[in-house]
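In: give me coordinates for this.
(one chain, ligands or ions: 2)
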Amino acid sequence: MAVNLLDFDLEGLAAYCESLGEKRFRAVQLFRWIHQKGAADFEQMSDLAKSLRGKLAGAAEVRGLVPISEHRSTDGTVKWLFDVGGGNAVETVYIPEDDRGTLCVSSQAGCAVGCRFCSTGHQGFSRNLSTGEIVAQLWFAEHRLRAPGSAERVIDNVVMMGMGEPLQNYANVVPALKVMLDDHGYGLSRRRVTVSTSGMVAMIDRLREDCPVALAVSLHAPNDALRDQLVPLNRKDGLDALLDACVRYLDKAPRDFVTFEYCMLDGVNDAPEQAQELARLVNGEAASRRGKGRVPCKFNLIPFNPFPESGLKRSPRERVTAFARVLQDAGIVTTIRKTRGDDIDAACGQLAGEVQDRTGARERLVQRRAVIPIAAAAGEGAR
Ligand code: SAH
Ligand code: SF4
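Out: Numbering: from 1, shown residues only. Ligands and ions are numbered 1, 2, ... in the order given. Predicted structure coming up:
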C-alpha cells in the first residue's frame, strides 16, 4: 500500500524525502501544501519540483478518513462519523465558540480502560488509530470548514477528548501532536492542544519529556475506593501517585495548572462531603497527601450524559452548582461544562455509541449513511 503522508510529523516527512534523495526543504514545502492548504493531489502542488512529484506519484498518497456522516447542531456544533474499517467508526466534533474553534479528536476505536460512565468504555477496545488517522480528523475538519480560498485558520484549539485513551496509543499520538504544533503544520500553541487522560502515571511522565501540551486528567472521585470502581486503571497506581505525576508535569507544561475533569453522577460522586474531600485532596490537606502541598489545578465539572446500559443518572443541576461552590470556597477555580450539540448526540461519552457495540455495527453504519449522505452535505461552509 502507498505510504500515507499524513502519518508523518515534519521530521518523519524529512526522513522519507531523504530516502527518495530529496532535500529537507522539499519536505517543508510538501508538509505546508498538505496541512496548510489541504492539498492531497501532488499535481496541484505547483512549486514542488517535478522530479519529486514524479517520485511521490504511485509511492505515496495523502490518505484521509472516509466520512460516513456529518451532523450539524443548531448551536453550530458539527459532528462527523468516520469509517475506520472492520465495522468500526470514530467521531470528531467541532465546537465553535465566540473567540475560538475547538476540535474534539478521537485517538482509538473503542477504549480498553472501561470507565463505568463512558459509552466508549462499554464498547470495549477495537484498535489504536494510526498517526495518519488522528491527523486526518483535523486535516479534514479544518479544510472542510474553512471558507474557500481563505488562509485563515478555523480550528485553533484541539482537545484529545473524543473516543479512546490517548496515552494508551502513545506512539501514534505524539507525532500527531507534533503535526498540530508545527509552524509548518497547523501552528497551534501548546496551550491550545490538550491531552485528556484517565490517568496513566508513567505515560504522563513521558509526555512531559516528549511533547508537553496542556494536560487534563479525568478524576471523577475524591478517594481510591470510589475511583477504583469508576476508572478501573486507578487500581494500578492510585490517586496519590497520579497527583504527584500532575505536579511533576507542571514543571514543563505550557500552563501552570492541570485541568481536572469530574463527571457528575447522581448519588455516586456528587455529595457536598465528597466535594470537601476532593478539595482537601488537591489542596494537600488529606491524610494521604499531607505535607505534599497543593496541586495547582482547575476543575471542570461535566454533567453526565446518560446512555441506557450505564445504569447511572445525571446529577441534578442544583447538586452540581452546590458541588462547584464547595470547591470554589476552598479556593479552587471551578467551571461547569456547557453541553453542546445535544441535538446531534455530540456530547462527551456519547461518541459513536450507536455504531460501536460491534454486533450489527456494519448495519448501523449503513443506516447512518442513509440518513445523511456526506456527498449531499459537501460544499457547505460551517461559518
Ligand atoms: N480517555 C480520555 C479522553 C476521552 S474521554 C479520558 O478519559 O480523559 C473525555 C472526557 O469525557 C473524560 O473526562 C471522560 O470522563 C468524559 N466522559 C466520558 N463519558 C462521559 C459521559 N457519559 N458523560 C459525560 N462525560 C463523559
Ligand atoms: Fe476510555 Fe476515557 Fe471513556 Fe474511560 S472515559 S473508557 S478512559 S474514553
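
In: how does this protein divide into domains?
Out: With domains defined by automatic domain parsing, the chain comprises 3-61, 66-377.

In: quick one, which of those gets closest to ligand 2.
Out: With C-beta to the nearest ligand atom, the closest approach to ligand 2 among the domains of the chain belongs to domain 66-377: 2.7 Å. Every C-beta, even on glycine, is put in place using the N, C-alpha and C of the backbone.

In: wait, does that closest one contact ligand 2?
Out: Yes. Using C-beta under 6 Å from any ligand atom, we find that domain 66-377 touches ligand 2 at Cys111, Val113, Gly114, Cys115, Cys118, Thr120, Gly121, Gly164, Glu165, Ser198, Ser218.

In: give me the subset of those that lies in helices.
Out: Mapping the residues of domain 66-377 next to ligand 2 onto helices (DSSP state H) picks out Thr120, Gly121.

In: roughly how far apart are Gln123 and Phe117?
Out: Look at Gln123 and Phe117: by C-beta to C-beta, to the nearest Å, they are 13 Å apart.

In: ditto for Gly341
Out: Computed as C-beta to C-beta, the Gly341 to Phe117 distance reads 19 Å.

In: those two: who's more crowded?
Out: The residue with more neighbours, out of Gly341 and Phe117, is Phe117; 25 against 22, by other C-beta atoms under 10 Å.

In: pretty sure that one sits against Gln229.
Out: No. Phe117 is beyond contact range of Gln229, at 10.5 Å (criterion: C-beta atoms under 8 Å).

In: quick one: the strands in the stretch 101-250 of the chain?
Out: Taking DSSP state E, counting those that start in this stretch to define them, one finds strands in the stretch 101-250 of the chain at 101-104, 108-110, 125-128, 157-160, 193-197, 214-218.

In: partner strands of the shortest one and their direction?
Out: Think strand 108-110. Take DSSP bridges as the rule and strand 108-110 pairs in its sheet with strand 125-128 (antiparallel).

In: not counting sequence-adjacent ones, nearest residue to Arg116?
Out: Leu230 (5.1 Å; C-beta to C-beta, 6 or more residues apart in numbering).

In: need the per-residue pLDDT for that neighbour.
Out: For Leu230, the pLDDT comes out at 97.

In: quick one: contacts for it?
Out: When contacts are counted by C-beta atoms under 8 Å, 6 or more residues apart in numbering, Leu230 touches Cys115, Arg116, Phe117, His220, Ala221, Leu265, Val268, Asn269.

In: list the contacts of the one helix or strand Leu13 maps to.
Out: If you go by DSSP states H and E, Leu13 is part of helix 10-19. Residues from elsewhere that reach helix 10-19 (C-beta under 8 Å, 6+ apart): 3, 5, 8, 23-24, 26-28, 30-31, 52, 60, 175, 178-179, 182, 184-185.

In: are any of the contacts of Leu230 buried, and which?
Out: Among the contacts of Leu230, those scoring as buried are Cys115, Arg116, Phe117, His220, Ala221, Leu265, Val268, Asn269 (criterion: 16 or more other C-beta atoms under 10 Å).

In: distance of the second one from Thr339?
Out: As judged by C-beta to C-beta, Arg116 and Thr339 stand 19 Å apart.

In: kindly report the same for the third one.
Out: Applying C-beta to C-beta, one obtains 15 Å for the distance of Phe117 from Thr339.

In: elements contacting the strand or helix carrying Leu52?
Out: Using DSSP H and E, Leu52 sits within helix 50-56. Using 3 or more C-beta pairs under 8 Å, 6 or more residues apart in numbering; DSSP states H and E, the elements in contact with helix 50-56 are helix 24-35.

In: so which bits of the helix it packs on are buried?
Out: Buried positions in helix 24-35, judged by neighbour count with 16+ other C-beta under 10 Å: Arg26, Ala27, Val28, Gln29, Leu30, Phe31, Arg32, Trp33, Ile34, His35.

In: ok, back up a step: tell me which of the strands of the stretch 101-250 of the chain sits most buried.
Out: Of all the strands of the stretch 101-250 of the chain, strand 108-110 carries the top mean neighbour count, a mean of 26, counting by mean count of other C-beta atoms under 10 Å.
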